[in-house]
Structures are given as structure tokens and as C-alpha cells.
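J.: pasting the sequence and the predicted model now:
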Amino acid sequence: MSISGRLREDLNASLKSGAKERAGAIRLLLSELHNKEKDKQAKGEKPVLSEEEEIAVLKRETKKRKEAIELFRKGNREDLAKKDEAELKVIGEYLPPEIDPKEIKAVVDRLFAAGHKEFNALMRETMKEFKGRADGREVSEIVKEALK
């Protein structure tokens, strides 16, 4: 089942159980996925998202929440930070598990040995290998370490 299908089912379950905050977070995710479908349709493509595209939307929302939490904490708005943390937890339920840094390092080392000696090429090939399942910052740090 697609991520959007799971989200719709979980939205109905959340509404029935009275979990308003969870339902709100799921609605937000469904809205973002729908917006991405509309963007594809506007470009003349089929308005159906692949699993990679759905994951990319969820990762973008995760990144937004993490940045917002950091800013809210700097501004002493713990109430808003907690709200975004709750949304972040819901989003995390629909993302595949993060890739182990050791696994990323093994791929980077293999690609480095295969002749990818510059940062951009190594990043590009590593991210292709994981198809959006790895965090770009983490991959970047591992690549920088490998190039030293």
C-alpha cells in the first residue's frame, strides 16, 4: 500500500478515536502530497506519485519541522516546539527507517575506490544509491571524511 493510502486509513482511524492532533498532522501530509500531485499534473505528467516522490515530500516536511523546532526553542516558544515535535513524530511513522551510517560509509568507500574522487560526484552517486532514504547532511559528512 502506498504512503498516501496508509495516511488516508490512519486519518479515518484518528478521527474515529478522537486524536485531533494526529489527524491534523496527517491532513497536513495528505495536503502536501496532493499539492505535489497537482504540480506534476501542471507539468503535463501523470498526477500519480511514486514511492520515492512520496518519501521526498515527507522528508521535506521533516526538515521543515526540525528547523522550526530549532527556531522556536531559540525564541523561547516551547509550546510551538512541542506541537512541531508531535507532528515530526507522526511524519516519522511513515518514513522508511534511516540508513545506518556504517552502510553509508561502505557505499562511499566503494564509490571512492571506483574512481569518484571529487565531492560532488561522490555525493551524487551515493544519493542515487540510497534513492532518498539517507539524510543528505549525514551523507555529506561521511563523504567529506572519506575525502580527507
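T.: Structure's in. What do you need? Numbering: from 1, shown residues only.

J.: from here on, just use CA atoms for contacts and neighbour counts.
T.: Fine.

J.: which residue is the nearest non-sequential neighbour of Asp39?
T.: Distance criterion Cα to Cα, 6 or more residues apart in numbering; nearest residue to Asp39, sequence neighbours excluded, is Pro47 at 7.9 Å.

J.: kindly report the domain assignment for the protein.
T.: 3-92, 101-147 (automatic domain parsing).

J.: those domains: lowest mean pLDDT?
T.: Ranked by mean pLDDT, those bottom out at domain 101-147, which scores a mean of 86.

J.: any idea how far apart the tips of that one sit?
T.: Length of domain 101-147, first residue to last, Cα to Cα, to the nearest Å: 16 Å.

J.: so where does the most centrally placed residue in the chain fall, helix or strand?
T.: Centroid-nearest residue in the chain, with Cα atoms, centre = their mean: Lys59, separated by 1.4 Å. Element membership for Lys59 (DSSP states H and E) is helix 51-74.
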